[in-house]
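Undergrad: fold the following for me, if possible:
(one chain, ligands or ions: 2)
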Amino acid sequence: MRSPDNALEVDQLTRTFDVSAPWLNRVLERKPKRYLRAVQDVTFTVGRGKCLALVGESGCGKSTVARLVTGLYAPTEGSIVFAPDRNGAPMEAQMIFQDPHASLNPRWRVGDIIAEPIREFGLRDSDEATNARVAEVLKIVGLSPDDAGRYPHEFSGGQRQRISIARALASEPEFLVCDEPTSALDVSVQAQILNLMRRLQDELGLTYLFISHNLAVVRHMADRIAVMYLGRIVEEAETEALFANPQHPYTRLLLQTIPDVRAPNRTRALMGGEPPSPLNPPAGCAFHPRCPMATERCGREAPSVRPRPEGGRVACHYAGDSL
Ligand SMILES: Nc1ncnc2c1ncn2[C@@H]1O[C@H](COP(=O)(O)OP(=O)(O)OP(=O)(O)O)[C@@H](O)[C@H]1O
Ligand SMILES: [Mg+2]
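TA: Ligands and ions are numbered 1, 2, ... in the order given. Below you'll find the model as predicted:
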């Protein structure tokens, strides 16, 4: 580990997927193999007890990073190192998904859904102790111990997300990866779940990797924010510094898409076009076809990563210049 204050260190992480046509088609149509680079050279750290947010448009590689960090995918290149947990073993991350409907088995009672990781890891030595732990985590997330006997469909979307959180907490993890945990919920319910997650972070000393396409959501959760574009981190900084002084043109455009209640009629620069496909990434800086500041150099030369003035880093030839 580079620092004992870090819970997670991710270095130069790259993940490619083989998206070739089936073998027979390739042979008959003389097509080469095709690879898609979903995540490229991604480097970040998450401090113990802190929250790092990963933000970016659909398809930029956020969920792939989440799956790499939780071990669901193996890295193509690069390393993922967790600090030791309270027992001295490497921390294990638990994951909370966007859609609690799809991630909770509809045929199981809530009590069994939450007890599964406890049983699987042998964390309690009797059914009684397991049930007591289930009741405890249900209370922690604001549900009732009696809810253990009910089925997921008997709950609202917000309550179901509380069940997912209870399940993630059942094995007493120190690290949670939250992949768009509130994106499927109504705005009012979103706020309740975000407040719950903040309270749990304080009370249980959790560390979060928090994924969202919405900068407004992460502003109140994250200590630091990393902005991703087409598989790479293009800017990373402390939350308030990023909001106060965004340096990458992409970060600035993302910030302008947040509605401002104090200035509802302000003119917003619209993000031009769709994000390009990672199967066929643009040459030079991947953002240049959509960038209002792009010059001929941007189409030719990929920008290197530079430090930002108040800490953090940015990858743009013209970082900080006025738009
Ligand atoms: N298992 C896979 N096989 C092939 N391609 C994949 C696979 N998983 C992801 N991809 C591709 O990798 C890219 C990044 O996908 P990813 O799901 O990580 O994006 P995301 O940022 O989470 O998007 P969203 O906001 O829509 O959830 C996409 O182009 C996607 O099609
Ligand atoms: Mg995703």
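Undergrad: closest point of the stretch 151-300 of the chain to ligand 1, which residue?
TA: Pro278 (4.7 Å; C-beta to the nearest ligand atom). Heads up, the C-betas are built off the backbone N, CA and C, glycines and all.
Undergrad: now that residue: closest residue in space, sequence neighbours ignored.
TA: Leu36 (5.3 Å; C-beta to C-beta, 6 or more residues apart in numbering).
Undergrad: show the pLDDT at the one you found.
TA: Per-residue pLDDT puts Leu36 at 95.
Undergrad: picking up where we left off before, helix/strand/coil for the residue of the stretch 151-300 of the chain closest to ligand 1?
TA: coil (DSSP: H, G, I helix; E, B strand; the rest coil).
Undergrad: begin at 36 from here
TA: Fine by me, first position is 36 from now on; the one you just mentioned is Pro313.
Undergrad: flag every residue of the stretch 186-335 of the chain that's near ligand 1.
TA: With the criterion set to C-beta under 6 Å from any ligand atom, the stretch 186-335 of the chain comes near ligand 1 through 248, 313.
Undergrad: how about the strands in the stretch 186-335 of the chain?
TA: Taking DSSP state E, counting those that start in this stretch as the test, the strands found in the stretch 186-335 of the chain are 210-214, 242-247, 259-264, 267-273.
Undergrad: can you redo those strands as a markdown table with distance to Cys326?
TA: Below are the strands of the stretch 186-335 of the chain laid out as a markdown table (distance: least, C-beta to C-beta, whole Å):
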| stretch | distance to Cys326 |
| --- | --- |
| strand 210-214 | 28 |
| strand 242-247 | 23 |
| strand 259-264 | 10 |
| strand 267-273 | 11 |
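Undergrad: partners of the residue nearest to the spatial centre of the chain in the sheet?
TA: The centre of the chain sits closest to Ile246, judged by C-alpha atoms, centre = their mean, with a distance of 2.5 Å. Under the criterion DSSP bridges, Ile246 forms beta bridges with Leu89, Asp214.
Undergrad: for it, list the residues it contacts.
TA: 88-90, 97-98, 100-101, 212-215 (C-beta atoms under 8 Å, 6 or more residues apart in numbering).
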